[in-house]
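>>> Just a sequence and a predicted model for now, questions to come.
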Amino acid sequence: MDVAIVKTGTANMASVAAALRRLGCEPRITESVSDVVEAERLVLPGVGTLAAAMERIESMDMVSALKKRMEEGSPTLAICLGMQVLCEGSEESPDVEGLGVIPGTTKRFPEGLRVPQLGWNLIEVEAEAEVLRTGYVYFANSYRLVEVPEGWRVARCDYGGEFIAAVERGPVVACQFHPELSGRLGMDIIERWVNM
């Protein structure tokens, strides 16, 4: 299975590629717009700030290709900051627009909580989800989506209040957590996405 991983410049792509190889995929790192359009499967990873990720995506002229890919329902997996990139924006970078594929703006966790949230936490998934499953997964995030986006199936989590841990709409899946670092459950999520 051919899987392209977008080189956002803000991600540890080695762990994502290793997880895909364990599933028998042939991942390749890409900076090509044509790969965004044509890849059988595409992963949009991210660690860092929305501003840095969007600057990199814009410098590669990928904005419209990424939006079109997800609007068409082409298999795409967004991880951690990758999920925030799909949103309309973030309190972290208030002057920067995200891709707007997922309605809503990510917000910082409330005062008094340790941020980033580092470690394992329980996600609870809507029964009709195809890819996501309930269980413990690994997070490293300071911002999160609070409102349930219309038209998406969701997984919820609680850290200083409920937030959206992941969303799926057909083969477009976005996880605030790191499935590639989330043990067997995380690998199962990636495998179900690969096999859709």
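Now that the structure is in, tell me what you want to look at.
>>> which intervals of the protein have sub-threshold pLDDT?
The model of the chain has no residue with pLDDT under 70.
>>> what are the ranges of the strands in it?
Using DSSP state E, the strands of the chain run over 2-6, 26-30, 41-44, 76-79, 87-90, 102-108, 117-125, 135-141, 143-145, 153-158, 162-169, 172-175.
>>> so which of those strands gets nearest Ala51?
strand 87-90 (8.7 Å; C-beta to C-beta). Quick note: C-beta positions are derived from backbone N, CA and C, even for glycine.
>>> With mean neighbour count and distance to Ala52 as added columns, please give the strands of the chain in CSV.
As requested, the strands of the chain are exported to CSV (neighbours: other C-beta atoms under 10 Å; distance: least, C-beta to C-beta, whole Å):
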stretch, mean neighbour count, distance to Ala52
strand 2-6, 22, 14
strand 26-30, 15, 17
strand 41-44, 26, 14
strand 76-79, 28, 16
strand 87-90, 22, 12
strand 102-108, 20, 15
strand 117-125, 16, 20
strand 135-141, 20, 15
strand 143-145, 24, 14
strand 153-158, 19, 25
strand 162-169, 23, 22
strand 172-175, 27, 18
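>>> now those in CSV, with distance to Ile189?
What follows is the strands of the chain, written out as CSV (distance: least, C-beta to C-beta, whole Å):
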stretch, distance to Ile189
strand 2-6, 14
strand 26-30, 16
strand 41-44, 12
strand 76-79, 9
strand 87-90, 20
strand 102-108, 18
strand 117-125, 10
strand 135-141, 8
strand 143-145, 18
strand 153-158, 10
strand 162-169, 8
strand 172-175, 7
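>>> biggest helix in this protein, by residue count?
helix 183-194 (DSSP state H).
>>> relative orientation of that one and strand 135-141 in degrees?
Helix 183-194 runs at 90 degrees relative to strand 135-141, counting by axes from the mean of the first three to the mean of the last three C-alpha atoms, to 10 degrees.
>>> Report the buried residues of helix 183-194.
Leu185, Gly186, Asp188, Ile189, Ile190, Glu191, Arg192, Trp193, Val194 (16 or more other C-beta atoms under 10 Å).
>>> And the contacts of stretch 53-65?
Stretch 53-65 has contacts (C-beta atoms under 8 Å, 6 or more residues apart in numbering) with 6-10, 31, 33, 36-37, 46, 66, 81-82, 84-85, 93, 96-99.
>>> how about it as PDB, C-alpha atoms only?
The C-alpha atoms that make up stretch 53-65 are tabulated as PDB, following Å, rounded to 0.1, in the frame of the first residue of the first chain:
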ATOM      1  CA  ALA A  53       2.800  24.200   9.900                       C
ATOM      2  CA  MET A  54       0.700  26.500   7.800                       C
ATOM      3  CA  GLU A  55       3.700  28.500   6.700                       C
ATOM      4  CA  ARG A  56       5.300  25.300   5.400                       C
ATOM      5  CA  ILE A  57       2.100  24.000   3.700                       C
ATOM      6  CA  GLU A  58       1.700  27.400   2.000                       C
ATOM      7  CA  SER A  59       5.300  27.400   0.900                       C
ATOM      8  CA  MET A  60       4.700  24.100  -0.800                       C
ATOM      9  CA  ASP A  61       1.500  25.400  -2.500                       C
ATOM     10  CA  MET A  62      -0.500  22.600  -0.900                       C
ATOM     11  CA  VAL A  63      -3.400  24.500   0.600                       C
ATOM     12  CA  SER A  64      -5.900  24.100  -2.200                       C
ATOM     13  CA  ALA A  65      -4.800  20.500  -3.000                       C
END
